[in-house]
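> Sharing a model prediction with you, sequence too.
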Amino acid sequence: MREIAGGVTAARGFWAGAAAAGIKYAGRDDMALIYSQVPCKAAGTFTSNVVKAAPVKWDKKVVEESPFVQAVVINAGIANACTGQEGMDCCQETAEEAAQVFQIPPSAVLVASTGVIGMQLPMERLRAGIHMLKENKGTDESHGTAAAKAIMTTDTVHKEIAVEFQAGGRTVHMGGMCKGSGMIHPNMCTMLGFVTTDVNISKELLEKAVREDVKDTFNMISVDGDTSTNDTLLVLANGMGENPEIVEENEDYQAFAAALNYVNTWLAKKMAGDGEGATALLEVTMKGCASKEQAVKLAKSVVTSSLVKAAMYGHDANWGRILCAMGYSGASFDPEQVDLYFESKAGRLQIIENGVSTGYSEELATRILSEPEITVVADVKQGEATATAWGCDLTYDYVKINGDYRS
């Protein structure tokens, strides 16, 4: 497997496009399209929030019941969440308009929205945007990039990646894009993620790969502890790579799963590092755990701690906050056995050994914590299980951004 240039158009047969429909923003693209020349198998994971946006309900039904999927229509600016029956009608109207424009069944159209909760979509603008998307779509890298930029809200950078790998003696491809900067605490399986691949794989194994991978990727990131109403990850496979269909968990399936993990991990880390107002990506790894469940609880508790995140912003080696967050995680461990390390491009430093300070250099610790990517490693010395979570520091700008988000 190797990383290649591109995003969702890197896989054979996939088109993408963007359009400025004026949904909420002025002077920028705010609608995006992913379209496959041929029908796709689809898998998805969705928010666990009881308050689910209309597009989440629509997509879940399509993924579970539709024989195939061929298009995804996305808008930014308005989330179409908490919009009642009118919101569901908007999904239906969007699918019907796209079906007419692209000559496919409405049941083959997925929809996604991100933005302000509670506002109704301006359907005249959205319908016009679908026609613009048809005219603007293309298969080259620039069209994928335009789509990735169009779905941004408070994101500061667009997020896209592509890889190629071997399956059944064929070179196949996978590309992805996502958005997400605030209200990021996925538990799916506001963030949206889309992955395209030309791999020929059964729907059952596609669903299995997505369901299992999301646990270690998107579900291990947090910006602010808020699980969005719109969290959606959609994976489309159109089979145009012409490899023999993957119908069992063989070497080709493992290659597919590895590629999916690479793409999803990359996207998830980019999302965490681009948290609203963030200046640093925070990676927390728990080692030596008795079980994966214990490792996950400990890692996520640290990465979501507001006090830890604030310390990272201040480049302050306040390790007591980390041990405290581990202590209220709900996972059992012996604090007097914990070793703790800080790592970055500036070096690696052991902060505590067996629960007690090592008398480390505060100056070196500050240099390590001043880098744009910081890693915290804790060893609880109870077993072999590990888990890694990703987040970001907590800054003044997070409050500013979210204090006037609707305006």
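Yep, that arrived.
> Can you point out the buried residues in stretch 382-395?
Buried residues in stretch 382-395, counting neighbours by 16 or more other C-beta atoms under 10 Å, are found at Gln382, Ala385, Thr386, Ala387, Thr388, Ala389, Trp390, Gly391, Cys392, Asp393, Leu394, Thr395. To be clear about C-beta, it is placed using only N, CA and C from the backbone, and glycine gets the same treatment.
> Please name the residues that touch His131.
Contacts were defined as C-beta atoms under 8 Å, 6 or more residues apart in numbering; by that measure His131 touches Val101.
> do the same with Ala11
Applying C-beta under 8 Å, 6+ apart, the residues near Ala11 are Ala162, Val172, His173, Met174, Gly175, Thr196, Thr197, Asp198, Asn238, Met240, Gly241.
> Switch the residues you listed over to a markdown table; also include neighbour count.
What follows is these, written out as a markdown table (neighbours: other C-beta atoms under 10 Å):
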| residue | neighbour count |
| --- | --- |
| Ala162 | 23 |
| Val172 | 27 |
| His173 | 23 |
| Met174 | 28 |
| Gly175 | 29 |
| Thr196 | 33 |
| Thr197 | 34 |
| Asp198 | 28 |
| Asn238 | 24 |
| Met240 | 20 |
| Gly241 | 24 |
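> Out of those, which comes closest to Ile23?
Thr196 (23.4 Å; C-beta to C-beta).
> Which ones among the buried residues of stretch 382-395 lie within strands?
If you go by DSSP state E, the buried residues of stretch 382-395 have Ala385, Thr386, Ala387, Thr388, Ala389, Trp390, Gly391, Cys392 in strands.
> Quick check: end-to-end length of stretch 372-388?
18 Å (C-alpha to C-alpha, to the nearest Å).
> was I right about Arg28 contacting Ala20?
Yes - at 6.2 Å, Arg28 counts as touching Ala20 under the criterion of C-beta atoms under 8 Å.
> Compare those two (neighbour count), which wins?
Ala20 (17 against 13; other C-beta atoms under 10 Å).
> picking that back up, could you list which of the contacts of Ala11 belong to helices?
Within these, no residue falls in helices by DSSP state H.
> just curious, which of those residues is nearest to Ala317?
Lowest distance from Ala317 to those (C-beta to C-beta) belongs to Ala162, with 38.0 Å.
> these two touch, right, that closest one and Glu3?
Yes - Ala162 lies in contact with Glu3 (C-beta under 8 Å); the separation is 7.2 Å.
> need the helix or strand of the protein with the lowest average pLDDT.
helix 396-403 (a mean of 76; mean pLDDT, DSSP states H and E).
> for Ala112, what are its contacts?
Contacts of Ala112 (C-beta under 8 Å, 6+ apart): Pro55, Asp59, Val72, Val73, Ile74, Asn75, Ile151, Leu192, Phe194, Asn230, Thr232, Leu234.
> can you give me the helices for the stretch 1-150 of the chain?
Counting by DSSP state H, counting those that start in this stretch, the stretch 1-150 of the chain has these helices, from start to end: 54-65, 84-102, 123-136, 141-150.
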